[in-house]
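[1] when you get a sec, could you give me coordinates for this:
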Amino acid sequence: MMSFKHFVFASAGILFSLAPAAAQTPAQRVVVEQLGSSQRQEGSVRVQANVSFFVAGATGDSEEAQKSREKAQRTVYQMAARECDLLREVLAKDCRMESINSNVGRQFGQQQQEGYMVTGSMTFQITLK
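    Next comes the predicted model:
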């Protein structure tokens with residue numbers, strides 16, 4: 001059986017459809033680490049995935065800005081919902097989500113496009129195939 005101490009996987013080719021706001025290609029970082037011996041079952045590892053991307057659009061208190069923020073958060077949650085399916089395809093026989101965090105921060109300025117910088121992190125407990 002495969003044994004992981006630390007495994008880091010980087011991917012930057014995921015596209016999101018965030019119409020009408022323009023989105024840049026997000027960066028994603030996935031960390032797989034073996035749990036401490038007191039908490040882990042044989043073949044069980046914790047997987048942490050982090051994602052960040054920019055959503056261009058109105059900021060502030062308008063209805064359009066609120067919709068942009070909600071769409072950005074929804075994207076992070078949709079990614080988390082699909083992550084267990086991906087993990088089962090590649091290396092897990094069982095998967096469960098432990099936690100998820102989403103952060104949407106307003107970005108604006110003279111030289112930067114107005115919009116939101118979105119970051120998300122999610123943690124999963126998997127059993128290796």
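
[2] mind checking how far Gly105 is from Glu64?
    Distance from Gly105 to Glu64, counting by Cβ to Cβ, to the nearest Å: 17 Å. For the C-beta atoms, the positions are set from N, CA and C on the backbone; glycine is no exception.

[3] ok, now Val51?
    24 Å.

[4] what's the pLDDT at the closest residue to Leu128 other than its chain neighbours?
    Nearest residue to Leu128 in three dimensions, chain neighbours excluded: Gly43, at 4.5 Å (Cβ to Cβ, 6 or more residues apart in numbering). If you check Gly43, the pLDDT there is 84.

[5] got the CA positions of the longest strand along the chain in CSV?
    Counting residues, the longest strand in the chain under DSSP state E turns out to be strand 92-107. Only the C-alpha atoms of strand 92-107 are listed here, as CSV (Å, rounded to 0.1, in the frame of the first residue of the first chain):
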residue,chain,number,x,y,z
ALA,A,92,-9.1,7.4,-2.3
LYS,A,93,-11.5,4.6,-1.6
ASP,A,94,-13.4,6.7,0.9
CYS,A,95,-13.5,10.5,1.5
ARG,A,96,-15.3,12.8,3.9
MET,A,97,-15.0,16.6,4.2
GLU,A,98,-13.7,17.9,7.6
SER,A,99,-13.8,21.6,7.0
ILE,A,100,-14.1,24.4,4.5
ASN,A,101,-13.2,28.1,4.6
SER,A,102,-14.1,30.8,2.1
ASN,A,103,-12.8,34.4,2.1
VAL,A,104,-13.9,37.1,-0.4
GLY,A,105,-11.9,40.3,-0.1
ARG,A,106,-12.6,43.6,-1.9
GLN,A,107,-9.9,44.8,-4.3
